[in-house]
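Trainee: My questions are about this predicted structure, shown below with the sequence.
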Amino acid sequence: LSKIGVLTSGGDAPGMNAAVRAVVRKCVYENIKVTGIIKGYQGLVNGDFLPLNAGSVSGILKDGGTMLKSARCPEFRTPEGRATAYENFKKQKLDGLVVIGGDGTFTGANIFGREYNIPIIGVPGTIDNDLFGTDLTIGYDTALNTVVDAVDKIRDTATAHSRLFFIEVMGRDAGFIALNAGVASGAEVVLLPEKKTSYDDLKRFLEKQYSYSKDSSIVLVAEGKKMGNTFEIAQRVNEEHPEYDARVTILGHLQRGGSPTVADRVLASELGVAAVEALIDDQKSIMVGMVDGEIVHVPFNQALKNKKGINERLFNLINVLSGGKK
Ligand code: ATP
């Protein structure tokens, strides 16, 4: 192995920089040349490369975003686009790739790697935590902390006015952020894509809260929930129960930003190094992950085919901890 490329792709996540740094420093340590690829697969298609050395990644460990930039790249979904990417890969004399991103990024890597027999290792970087085969993904812990900080602030104003807040968080089709942030911020109800909570269930939960005159209620809503548009849910609740004085806050992209937490920095450092080690060991088409504190290698096919379930125990806690009797 004499030269590899590294890229960040798909939705950005805090800790991607820490992972890039770990890949680069491990390469330097092993005397392997490394080049950054700008804007994910788009840089591979466009031939946009940035040679990296130990100094190029100084000071980025603590930064949110990604110094390599990220993008969605429609051309990479086509055989022609990937052929151009392969030409550039060869021109750069690369022997392998480390791709940092989510399931879309790994889908692309899986196809490209098999098409041209290229060793590619995936590093799970997404705030959604929706990748099978790793307990946690890079960026998830930071996003959780950001959400909890925001919910704490909304709780102050909700309590001052005795209001009900619907707070929508990211996570696409996964409820990990909503559930874990819900427990950590004392949300009274969580609405998750994994659960078929009906409007009547929601009403019952809220009526239970109000029956013992709660000062405020927070419903943490995962963006992929089954019940429909968050504003419409709140409006319906307001029509039926004007006394709840329901409001909506969509947290949005602030969840993607910020300096990574210690947990994300450590995870990114470990997985970045593990990805280069996997390439040195002639591995291909796998994701490196962390399960029970151990590094694991998960074939892309497996990581992509399976769905990580939510923690039912935590889900049941929400109802117990929101107060009131069974
Ligand atoms: P996040 O989970 O944070 O959204 P992601 O990695 O899933 O991140 P996507 O936009 O879904 O983000 O995927 C990133 C890129 O991977 C796409 O823009 C595209 O270039 C490539 N990609 C995704 N799916 C495919 C596919 N079926 N074939 C080829 N390339 C793909």
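Mentor: Ah, there it is.
Trainee: Let me see the residues that make contact with stretch 295-308.
Mentor: If you take CB atoms under 8 Å, 6 or more residues apart in numbering as the criterion, stretch 295-308 is touched by 103, 106-107, 109-110, 113, 122, 129-134, 174, 270-271, 274, 278, 283, 285-290. C-beta coordinates here come from the backbone N, C-alpha and C atoms, glycine included.
Trainee: again, 7 Å this time
Mentor: 103, 106-107, 109-110, 122, 130-133, 270, 274, 278, 283, 285-289 (CB atoms under 7 Å, 6 or more residues apart in numbering).
Trainee: my guess is residue 192 contacts residue 179, does it?
Mentor: Yes - Residue 192 lies in contact with residue 179 (CB atoms under 7 Å); the separation is 6.1 Å.
Trainee: Which residues are in contact with each of those two?
Mentor: Joint contacts of residue 192 and residue 179 (CB under 7 Å, 6+ apart) are residue 310.
Trainee: what's the average pLDDT for stretch 98-109?
Mentor: Stretch 98-109 shows a mean pLDDT of 98.
Trainee: so how far is the first residue of that stretch from its last?
Mentor: For stretch 98-109, the separation between the terminal residues is 9 Å (CA to CA, to the nearest Å).
Trainee: go on, stretch 61-73?
Mentor: First-to-last distance for stretch 61-73 - CA to CA - comes to 26 Å.
Trainee: mind checking how far the helix or strand hosting residue 318 is from the chain centre?
Mentor: Using DSSP states H and E, residue 318 falls within helix 312-321. Helix 312-321 has its C-alpha centroid displaced from the chain centroid by 23 Å (CA atoms, centre = their mean, to the nearest Å).
Trainee: Buried residues, it. List them.
Mentor: 315, 318 (16 or more other CB atoms under 10 Å).
Trainee: Please say which of residue 192 and residue 179 ends up with more neighbours.
Mentor: Neighbours per residue, other CB atoms under 10 Å: of residue 192 and residue 179, the larger number sits with residue 179, 27 against 24.
Trainee: for that one, phi and psi?
Mentor: phi -70, psi -50 (degrees, to the nearest 10).
Trainee: what ranges do the strands span in the chain?
Mentor: 3-8, 33-37, 49-52, 96-101, 120-124, 164-169, 189-191, 217-222, 247-250, 286-291, 294-299 (DSSP state E).
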